[in-house]
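Undergrad: Kindly return the folded structure for what I paste below:
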Amino acid sequence: MSPADELLNQVLPNFTVTSLQRERTTIILTANPTATSAECPSCGTASQRVHSHYIRSPRDLPISDASVQLRLHVRRFRCLNSHCARATFAERLPLVRPWAQQTQRRLDRLQPLATALSAQAASRLSEPLGLSSSPDTLLGVLWRLQPPFAQSPKQIGLDDWALRKGQVYGTIIVDLEQRRPIELLPDRSSETVAAWLRAHPSVEVVARDRRTEYARGITHGAPQAVQVADRWHLLANARDAGELLVRRLHRRLEELPLVREIGVPRRRPQQRSQAELTARQANRDERYAQYQTIRELAASGMSYRAIARQLGVAWLTVERYAKAESLPEFAPRQPLASLLDAYLLHLHQRWDEGCTNAAQLWREIEPQGYRGGYRQVARWAQQQRLAAIGAASPPKPKATARERAGGGAAVAASVTTALPAARELAWLLVRNPEELEADERVVLEHIQQDGDIRSAYDLLQRFGQMIRTKNEGALDKWLADAASSALAELKTFASGLGQDLPAVRAALEHWASNGQTEGQVNRLKFIKRQGYGRASFELLRKRVLVA
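TA: Numbers count the residues shown, from 1 in each chain. Now for the predicted structure:
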């Protein structure tokens, strides 16, 4: 038997090679069948009566640098069963499906490309691998794949993901023991989750975030399962409560006296044109009018969602404005890090002494270790000149807490406080104090001058320590202290924990968490973006579950 016959016998038994030729980069292998009969695919009746012949030309795996094209003389037989619906049938080929243009083993090689990459990228990569295929062909490979069936999962994680952010959401289900996704659901409703759980009665533990829809779906679909609230989400919920408190008190915190006045002068804020300042003020006036309207409607008893529908804004914005004692201001933009930061003290000192020559200043800081260019120093000097032109006594820029604790020699400063955004301040209340940097500790010390912030800091730190150490015995005492505090935001947070108390207790006792699930959501997002947002839900489901 020739090598060509041995090769063909592996792919298509009962065929014999009649010719082998090469055209440019393609090997064409012609073969004829050797079997004398074939079975009808409908009724199974064997037939030897040949109706006609035709040629099929499927592509096979490449040999070295050459692609392989099979040219197979296939016969069509007459079905001898008079009761069969088929009058004629084509003989079936073992490794080439009906109407397929490629052998099955070639399609098996394309499957990893189709599942790992987008169709366009996989098509580009298939050409140098000798498996040249169009994007449509690779999509067809994906559509024919069948995701594996979840085999009696016991411990799972649930989380939502956005097919179209803000509009269409789905649910991912992860097997925490096998560490892989086992299902994608088209929405995140309790009914859909409950239906899937009823079809999988083996589930014993479900790790989830604090969404009430998931809690309701698990209760209805798997009442026997233990619900475990994710510990990271519990800390994030605590931070959310702290953020609401800080937003309400932000103006009051800005008016607190400075605790320390240390730091290095940094670059002055960018000078804004009069047109920009006018536009900014107009924007603030518009927001203030909206803030006043929301406060009035909320005081009249209208719900937040009703106000949101009436004004055409997000209900979270309505909630934030309704609870704020004053208009929440935008946090000042923090200056970006620069190679000049370590030399600003020297530059400001020499500038005050009268040295305003940028080239001279550059020559002075270069021996001190400055690795930047002259242009950066020249731009800094130009900013100092522009700032001095505006008025005879130009106002000093506000110094942020980060600027006042940036290191270097202490300098006197008479500045007003410009605090970071409320979200950043809220994380300072929750994070482990040992992990804070020096400038963050200064900001924390500054805002703790307020009595409400001190009380909130104590409660949030206790909560964070309880979650990190999984100290279930401290939960009841913490809930009682938070409920009896004078802080409405933390009382609401404690009340929400009380409504989900079994899941919160399980979080402090069980090892399960949503960490794996969050990682799979990140992977899902990567796969979705490979399709440039054009992939359907079913196609995305196949890629996530099969890959």
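Undergrad: Okay, domains of the protein per the record?
TA: The record assigns the chain these domain ranges, following automatic domain parsing: 3-101, 106-144, 155-230+513-538, 249-260+419-505, 274-399+408-415.
Undergrad: Mind telling me which of those domains the model trusts least?
TA: Sorting those by mean pLDDT places domain 274-399+408-415 lowest, at a mean of 79.
Undergrad: returning to that earlier point: tabulate the domains of the chain (TSV), appending mean neighbour count.
TA: C-beta coordinates here come from the backbone N, C-alpha and C atoms, glycine included. TSV is the format used below for the domains of the chain (neighbours: other CB atoms under 10 Å):
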stretch	mean neighbour count
domain 3-101	15
domain 106-144	17
domain 155-230+513-538	18
domain 249-260+419-505	17
domain 274-399+408-415	14
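Undergrad: residue contacts, residue 27?
TA: By CB atoms under 8 Å, 6 or more residues apart in numbering, the residues touching residue 27 are 20, 21, 63, 66, 67, 68, 69.
Undergrad: Please repeat the previous calculation with a cut-off of 7 Å.
TA: 63, 66, 68 (CB atoms under 7 Å, 6 or more residues apart in numbering).
Undergrad: Does it belong to a helix, a strand or coil?
TA: strand (DSSP: H, G, I helix; E, B strand; the rest coil).
Undergrad: With respect to residue 324, which of the contacts of residue 27 is nearest?
TA: Comparing these against residue 324 with CB to CB places residue 68 closest, at 71.3 Å.
Undergrad: Pairing partners for the closest one in the sheet, please.
TA: Under the criterion DSSP bridges, residue 68 forms beta bridges with residue 27, residue 60.
Undergrad: residues touching it, list them.
TA: 27, 29, 59, 60, 61, 62.
Undergrad: Leaving out chain neighbours, which residue sits closest to the fifth one?
TA: Of all residues not flanking residue 61 in the chain, residue 106 sits nearest, at 5.3 Å (CB to CB, 6 or more residues apart in numbering).
Undergrad: who touches the host helix or strand of that neighbour?
TA: Element membership of residue 106, judged by DSSP states H and E, is helix 104-116. By CB under 7 Å, 6+ apart, the residues outside helix 104-116 that reach it are 59-61, 95-97, 122, 125-126, 131, 133, 138, 141-142, 145, 543, 546-547.
Undergrad: and if you look at stretch 278-286?
TA: Residues outside stretch 278-286 that contact it (CB under 7 Å, 6+ apart): none are found.
Undergrad: what's the distance between it and the middle of its chain?
TA: Relative to its parent chain, stretch 278-286 has a centroid offset of 34 Å by CA atoms, centre = their mean, to the nearest Å.
Undergrad: Return the alpha-carbon coordinates of that stretch using PDB.
TA: Provided in PDB are the C-alpha atoms of stretch 278-286 (Å, rounded to 0.1, in the frame of the first residue of the first chain):
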ATOM      1  CA  THR A 278     -18.400  80.900  32.600                       C
ATOM      2  CA  ALA A 279     -19.400  77.500  31.200                       C
ATOM      3  CA  ARG A 280     -18.400  75.800  34.400                       C
ATOM      4  CA  GLN A 281     -20.400  78.300  36.500                       C
ATOM      5  CA  ALA A 282     -23.400  77.800  34.200                       C
ATOM      6  CA  ASN A 283     -23.200  74.100  34.600                       C
ATOM      7  CA  ARG A 284     -23.100  74.400  38.400                       C
ATOM      8  CA  ASP A 285     -26.100  76.800  38.400                       C
ATOM      9  CA  GLU A 286     -28.000  74.200  36.400                       C
END
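Undergrad: please renumber so the chain begins at 6
TA: Sure, I'll start counting at 6 from here, so that last one is stretch 283-291.
Undergrad: What does the pLDDT read for residue 408?
TA: pLDDT, residue 408: 40.
Undergrad: can you pull out the strands in the stretch 206-355 of the chain?
TA: Counting by DSSP state E, counting those that start in this stretch, the stretch 206-355 of the chain has strands at residues 210-213, 231-234.
Undergrad: what helices or strands is the last one leaning on?
TA: Identification of packing neighbours for strand 231-234 by 3 or more CB pairs under 7 Å, 6 or more residues apart in numbering; DSSP states H and E yields strand 210-213, helix 506-512.
Undergrad: For the last one, list the C-alpha coordinates in CSV.
TA: I take that to be helix 506-512. Listed next in CSV are the C-alpha coordinates belonging to helix 506-512 (Å, rounded to 0.1, in the frame of the first residue of the first chain):
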residue,chain,number,x,y,z
LEU,A,506,-28.9,37.9,58.0
PRO,A,507,-28.6,34.1,57.2
ALA,A,508,-26.5,34.8,54.1
VAL,A,509,-24.3,37.3,56.1
ARG,A,510,-23.8,34.8,58.8
ALA,A,511,-22.8,32.1,56.3
ALA,A,512,-20.3,34.5,54.8
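Undergrad: now the spatially closest residue to residue 249 that is not a sequence neighbour: how far from residue 324?
TA: Spatial nearest neighbour of residue 249, chain neighbours left out: residue 494 (4.4 Å); criterion: CB to CB, 6+ apart. According to CB to CB, to the nearest Å, residue 494 and residue 324 sit 11 Å apart.
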